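Engineer: Structure for this input, please:
(one chain, ligands or ions: 1)
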Amino acid sequence: MNIILLGPPGVGKGTYAEILKEKLELPHISTGDILREMAKEETEEGKNIKEIMDKGNLIPDELITEILKKRLKKEDCKNGFILDGYPRTIPQAESLKKIIKMDKVIDYAAKDEIILQRLGGRLTCRSCGAIFHAKNSPPKKNGICDNCGGELYTREDQTDEAIKERLKVYRNQTEPLIEYYQKEELLIEIDANAGLDQVDKIIGESLDAIEGEE
Ligand code: AMP
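Structural biologist: Numbering: from 1, shown residues only. The predicted model follows:
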């Protein structure tokens, strides 16, 4: 079973993918995670990738498609996989179609206000990586990590400016995929406005949709 998860940044795709991975016993392939690893490398390519990601823009289609192709060739993908973060543009969807046939596409839908609320205000510890939220789960002392006393900061790709850019890029470049996969008769839409407060319900609906019409 080859599955694509679509949805705006911050909708909870990564969390849903991790749960579905366990339930369906399929690998979770996040192109964002692969790129974040590459961005740590002190190479020209690593630096270029980091710069693009920090601004909230997209990595060129050819590069990300090559990276994905390599990943799909690995042994763990032979019974299927869950794609999170790819495709993000129509040309990527066209490339994927040439590589392998997809079975289901789940679109987790949420409004811009909800996404901005959720993604804005995130604070990360420079020392241990713990995550806080300025409003929803603030640290006890302003700017200081509860766990290790490290300094809290806003990640470059989580500033208000970068978040707004990521949402704009999503609406312009990725949202057309919804219609694309509707036409391919692969699309299942799930209301994810409630987000992680209703994760069981959202996962239940996802599994029904995936397993229901085989
Ligand atoms: P994500 O973790 O999926 O939100 O991805 C984080 C960032 O990685 C995005 O904002 C893009 O800069 C980059 N990225 C991830 N997947 C892709 C993709 N399929 N095409 C282009 N850029 C991507």
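Engineer: pretty sure residue 155 is in contact with residue 120, am I right?
Structural biologist: No: using CB atoms under 8 Å as the test, residue 155 is too far from residue 120 to be in contact (12.0 Å). From N, CA and C alone the C-beta is placed, and that goes for glycine too.
Engineer: Looking at these two, which has the bigger crowd around it?
Structural biologist: Neighbours were counted for residue 155 and for residue 120 using other CB atoms under 10 Å; residue 120 has more, 17 against 12.
Engineer: residues contacting the residue in the chain that the ligand sits nearest to?
Structural biologist: Proximity of the chain to the ligand (CB to the nearest ligand atom) peaks at residue 32, 2.0 Å away. Applying CB atoms under 8 Å, 6 or more residues apart in numbering, one finds that residue 32 lies in contact with 14, 84, 85.
Engineer: Could you rerun that using 7 Å?
Structural biologist: Applying CB atoms under 7 Å, 6 or more residues apart in numbering, we find residue 32 in contact with residue 85.
Engineer: Now do it, the pLDDT please.
Structural biologist: Per-residue confidence (pLDDT) for residue 32: 92.
Engineer: Also residue 179?
Structural biologist: 97.
Engineer: what helix or strand does it sit in?
Structural biologist: Using DSSP states H and E, residue 179 sits in helix 176-183.
Engineer: Next: residue 16.
Structural biologist: For residue 16, the host element (DSSP H and E) is helix 13-24.
Engineer: Alpha carbons of that helix, as CSV, please.
Structural biologist: Extracted C-alpha coordinates of helix 13-24, given in CSV (Å, rounded to 0.1, in the frame of the first residue of the first chain):
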residue,chain,number,x,y,z
LYS,A,13,1.0,15.2,9.3
GLY,A,14,4.2,14.0,10.9
THR,A,15,2.4,12.9,14.1
TYR,A,16,-0.3,11.1,12.1
ALA,A,17,2.3,9.5,9.9
GLU,A,18,4.2,8.1,12.9
ILE,A,19,1.0,6.5,14.3
LEU,A,20,-0.1,5.1,10.9
LYS,A,21,3.4,3.7,10.4
GLU,A,22,3.0,1.5,13.5
LYS,A,23,-0.6,0.5,12.7
LEU,A,24,0.1,-0.3,9.0
